[in-house]
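Chemist: need coordinates for the below:
(chains A and B)
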Amino acid sequence: MLSAGIDVGQHAIKVVLLEQNIVLAYQNMVTEVDADTGARQALENTLKEANTSFDRIQRIVSTGLGRKEVSFSHLQRTQETCAARGAYPVLGKACTVLDAGAGGCRAVKVGHGGKVLDFASNSKCASGTGSFLQIACEVLQIDLAKLDMLAGQADGIAKVSTTCAVFAESAIISNVHRGFSIEDICAGICDSVATRLLEVLSRAGIEKDVFFCGGVAQSKTITRTLERRLGATIHVPTHPLLTTALGAARCIS
Amino acid sequence: MGLEFQEWMLNRHEKIKEWKAKTGQKCYGYLCCMTPEEILYAAGILPVKVTGSPDKLEVVDKHVVRYACPYVRSLLDLAGRGVYEYLDGVVVCNSCDIMSRCEYYWRVLSPKEKPTIMGAELSPYVLYIKSPEKISGPGVHEYLRDEFRIFKQHIEREARQIITDEMLSQTIAVYNEHYDWLGCLHAFRKNQPLKVSGSEAFMVEFSSLQMPKDQHNRLMVSYMQELEKRQPLSNGGVRLFLSGGAVDQFSSRIYNIIEECGGHVIAEDIGVGTSYLGRKMDTTIAPMDAIVKHRLDVHCPHTMTADPHPRERFDFIKSKLSGTEIHGAIFFIPMFCECRNLEYPFLKEKFRDELNVPVLYLESDYSQGSLDEARSKVEAFIEMLKG
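Modeler: Prediction:
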């Protein structure tokens, strides 16, 4: 059975084409059009890459913030369910999935068989999300990869004294003025995001194994910080951005 | 039939003004269910629940800090903008810190001249009842009876008549009939298949907080007959318990959201109506004692704030769920609500351990935005419960 999972996030649209539990092709596309058109374009590109046609798809499942905008999906599933379905087969055991994207972060406690047992998420707040990192990057005039790299080279941490993204901007500028090194400032930003993620994690319940996905999971510094502070093993997949779309493609029933 | 209830819920200001013009009687607003509204009713005064609105706040910021309960801020803003100008009096209780201070805020935001004697108001425009922190123990009943006695004296001066025991007994009979009807409605909601949705039941109940109880009782006769004959709504759906505060004609959209996501609220503890409705007043004792006893039976979160293990609150909630099963519970708690937030961890644990159901926590800032945000969480919760 050929199925497609479409994750319409705040920053990008991710598509995974799945057949017999094998990923045929995937896309991660940043679009500037409406969610429905963007999802259509992303799916078309994925189909081209897999050298197959739209008619062959038996089930399309959309997820993410804009899941309801996808007019051609057969099913819509929440990010919590899809994150669990995407992560569970990788570890094959009960775990907590931490999904931190551009617009939101959520922790999902997953039981045996991939069943969602509990979840928690952020509320109308950019801290702990990719948007927070993006704001920090704009202030420092660097990109996300460089921020992560510099944070990894830090000797200390220039703490960001607030979790509010709006106030964090001025807190970062203050740290620059106070003469902290750029590395320590970047480490402080990553530490701030990790702190917020830990709060969300603790609300859902932390299992021995934590599966970290979403755009923020690309940061090695944040992953290491979480690992150190949790004392748990953090599993980051090869393509952390695609976990939820993959889970959507698995939601065929 | 439901239309009349809906009218009183959605167009409450107009309906109350119409009622006043038609009857020539007075109307008092109250903020908390501890208010002995029977005393007002016995004096021919219509007691109505004061609620907020999602309108943009215009005047309250000058007086009330931003980190106060958004619901109370909203209703004070309405008062400041003259929306509650039609009220002849307002009754405030010390349900929580911010509610206690509404006695002052209301006077400042919505001043009204009242007749005075030697500088003191004959009957204050804003009446304050200091309800006890504890609802049981020595002297509690006597204390509250004394508070209600003083309240009754004020109302007698306002209405220019003595409120006799007979008048109170007649009122108690009307209110007991009302509790009977509401009890029937809530029993109906536990049935399977469902014939009445949570949102509809809330509308019926909320309208009773705005219209005269005798009028509501008359409407309930035909409404319940219609309900008996009605076809079931649905067999499926996730059965949920709703706990929370500041649920009114606006924030009750949470019921619709739950229903749109595939759930049904079977019972609730939301501080409006059902917190005490359903239990009748004792007709074998003096009417004033019956009213006091009835209010002391209210297991409102504010009475438990000093209790680190509010077991009585949980037992009260459990009693609402007897004879029915639920799949999950949703706590819909206003921001900065110390009463509900303080008891939440204990209740959450009890729901999980004793009732064996998952719990969803939703924070509300009494805005459309927080309802929209709640929708995605409710959707995920119901999806989780469906498996």
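Chemist: strands of the stretch 101-250 of chain B, residue ranges please.
Modeler: Here the stretch 101-250 of chain B has its strands, by DSSP state E, counting those that start in this stretch, at B:116-117, B:120-121, B:126-129, B:238-244.
Chemist: nearest to A:S121, of those?
Modeler: Proximity to A:S121 (CB to CB) singles out strand B:238-244 among the strands of the stretch 101-250 of chain B, at 18.4 Å. Glycine gets a C-beta too; all of them are placed from N, C-alpha and C.
Chemist: give me the contact list for the closest one.
Modeler: B:198, B:254-255, B:258, B:262-271, B:317, B:320-321, B:324-334, B:340, B:347, B:357, B:362, B:364, B:382, B:385-386 (CB atoms under 8 Å, 6 or more residues apart in numbering or on different chains).
Chemist: how about the residues of chain A near chain B?
Modeler: Contacts of chain A with chain B, taken as CB under 8 Å from any CB of the partner chain, map to A:65, A:77-81, A:115-119, A:121, A:123-124.
Chemist: put the buried members of those residues into a PyMOL selection.
Modeler: Of these, the buried ones can be selected in PyMOL as follows, counting by 16 or more other CB atoms under 10 Å in any protein chain shown:
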select buried, chain A and resi 65+77+78+79+80+81+116+117+118+119+121+123
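Chemist: just the residues of chain A next to chain B: which has the poorest pLDDT?
Modeler: Lowest pLDDT among the residues of chain A next to chain B: A:K124, with 70.
Chemist: what about that one, which SS state?
Modeler: Three-state call for A:K124 (DSSP: H, G, I helix; E, B strand; the rest coil): coil.
Chemist: can you check B:R375 too?
Modeler: Per three-state DSSP, B:R375 ends up helix.
Chemist: ok, the residues of chain A next to chain B vs A:D7, which is closest?
Modeler: A:Q79 (7.7 Å).
Chemist: might you report the residue contacts of the closest one?
Modeler: A:7, A:63-65, A:99, A:104, A:106, A:244, B:380.
Chemist: list the buried residues in stretch B:193-208.
Modeler: B:194-208.
Chemist: which among the contacts of strand B:238-244 end up buried?
Modeler: Listed as buried from the contacts of strand B:238-244 are B:198, B:254-255, B:258, B:262-271, B:317, B:320-321, B:326-334, B:340, B:347, B:357, B:362, B:364, B:382, B:385; burial here means 16+ other CB under 10 Å.
Chemist: show me the contacts for A:T31.
Modeler: Taking CB under 8 Å, 6+ apart as the contact definition, A:T31 lies against A:12-13, A:37-38, A:41-42.
Chemist: residue closest to the middle of chain B?
Modeler: By CA atoms, centre = their mean, chain B has its centre lying nearest to B:V272, at 2.0 Å.
Chemist: for that residue, helix, strand, or coil?
Modeler: coil.
Chemist: ok, now how distant is it from chain A?
Modeler: Distance, B:V272 to chain A, using CB to the nearest CB, to the nearest Å: 24 Å.
Chemist: chain neighbours aside, what residue packs nearest to that residue?
Modeler: Once flanking residues are discounted, B:V272 sits nearest to B:V247: 5.4 Å by CB to CB, 6 or more residues apart in numbering or on different chains.
Chemist: my guess is that neighbour contacts B:F202. True?
Modeler: Yes. Between B:V247 and B:F202 there is a contact under CB atoms under 8 Å: 7.5 Å.
Chemist: ok, residue 192 - how many residues close by?
Modeler: Just going to use chain A. The number of residues packed near A:S192 is 27, by other CB atoms under 10 Å in any protein chain shown.
Chemist: not quite, go with chain B.
Modeler: By other CB under 10 Å, the residues close to B:Q192 number 13.
Chemist: can you tell me how far the residue of chain B positioned farthest from its centre sits from B:G198?
Modeler: Distance from the centre of chain B peaks at B:M118, with 36.8 Å (CA atoms, centre = their mean). For B:M118, the distance to B:G198 equals 52 Å [CB to CB, to the nearest Å].
Chemist: export stretch A:154-174 as PDB, just CAs?
Modeler: Extracted C-alpha coordinates of stretch A:154-174, given in PDB (Å, rounded to 0.1, in the frame of the first residue of the first chain):
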ATOM      1  CA  ALA A 154      31.800  27.600  24.300                       C
ATOM      2  CA  ASP A 155      33.700  27.500  27.500                       C
ATOM      3  CA  GLY A 156      30.900  29.000  29.600                       C
ATOM      4  CA  ILE A 157      27.200  30.000  29.300                       C
ATOM      5  CA  ALA A 158      25.900  33.500  29.000                       C
ATOM      6  CA  LYS A 159      22.500  32.900  30.500                       C
ATOM      7  CA  VAL A 160      19.500  34.400  28.800                       C
ATOM      8  CA  SER A 161      17.600  35.500  31.900                       C
ATOM      9  CA  THR A 162      14.100  35.200  30.400                       C
ATOM     10  CA  THR A 163      12.100  32.600  28.500                       C
ATOM     11  CA  CYS A 164      10.100  35.200  26.600                       C
ATOM     12  CA  ALA A 165      11.300  35.400  23.000                       C
ATOM     13  CA  VAL A 166      10.500  39.100  22.900                       C
ATOM     14  CA  PHE A 167      12.500  39.900  26.000                       C
ATOM     15  CA  ALA A 168      15.200  37.400  25.100                       C
ATOM     16  CA  GLU A 169      16.100  39.600  22.200                       C
ATOM     17  CA  SER A 170      17.200  42.400  24.500                       C
ATOM     18  CA  ALA A 171      18.700  39.900  26.900                       C
ATOM     19  CA  ILE A 172      21.000  38.700  24.100                       C
ATOM     20  CA  ILE A 173      21.900  42.200  23.200                       C
ATOM     21  CA  SER A 174      22.700  42.900  26.800                       C
END
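Chemist: centre of the chain to stretch A:168-175, how far?
Modeler: 25 Å (CA atoms, centre = their mean, to the nearest Å).
Chemist: buried ones in that stretch?
Modeler: For stretch A:168-175, by 16+ other CB under 10 Å, it's A:168-169, A:171-172, A:175.
Chemist: tabulate those residues in TSV, adding columns for secondary structure, distance to A:M1 and pLDDT.
Modeler: Shown next, in TSV, are the buried residues of stretch A:168-175 (DSSP: H, G, I helix; E, B strand; the rest coil; distance: CB to CB, whole Å; pLDDT from 0 to 100):
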residue	secondary structure	distance to A:M1	pLDDT
A:A168	helix	46	79
A:E169	helix	48	81
A:A171	helix	51	86
A:I172	helix	49	88
A:N175	helix	53	90
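Chemist: state the pair within the residues you listed that is farthest apart.
Modeler: Distance extremes for the buried residues of stretch A:168-175: the farthest pair is A:E169 and A:N175 at 11.1 Å, using CB to CB.
Chemist: who's in contact with B:G323?
Modeler: Per CB under 8 Å, 6+ apart, neighbours of B:G323: B:K190.
Chemist: and for the one 3 residues further on?
Modeler: By CB under 8 Å, 6+ apart, the contact set of B:I326 is B:239-241, B:266-267, B:355, B:357.
Chemist: let's see that with 7 Å instead.
Modeler: The neighbours of B:I326, taking CB atoms under 7 Å, 6 or more residues apart in numbering or on different chains as the test, are B:239-241, B:266, B:357.
Chemist: re the thing from before, mind checking which of the strands of the stretch 101-250 of chain B is nearest B:A173?
Modeler: strand B:126-129 (23.6 Å).
Chemist: tell me how far that closest one is from the chain's mean position?
Modeler: 17 Å.
Chemist: hmm, who's touching that strand?
Modeler: B:34-35, B:89-93, B:103, B:106-107, B:147, B:151, B:154.
Chemist: which of those fall in helices?
Modeler: Counting by DSSP state H, these place B:103, B:106-107, B:147, B:151, B:154 in helices.
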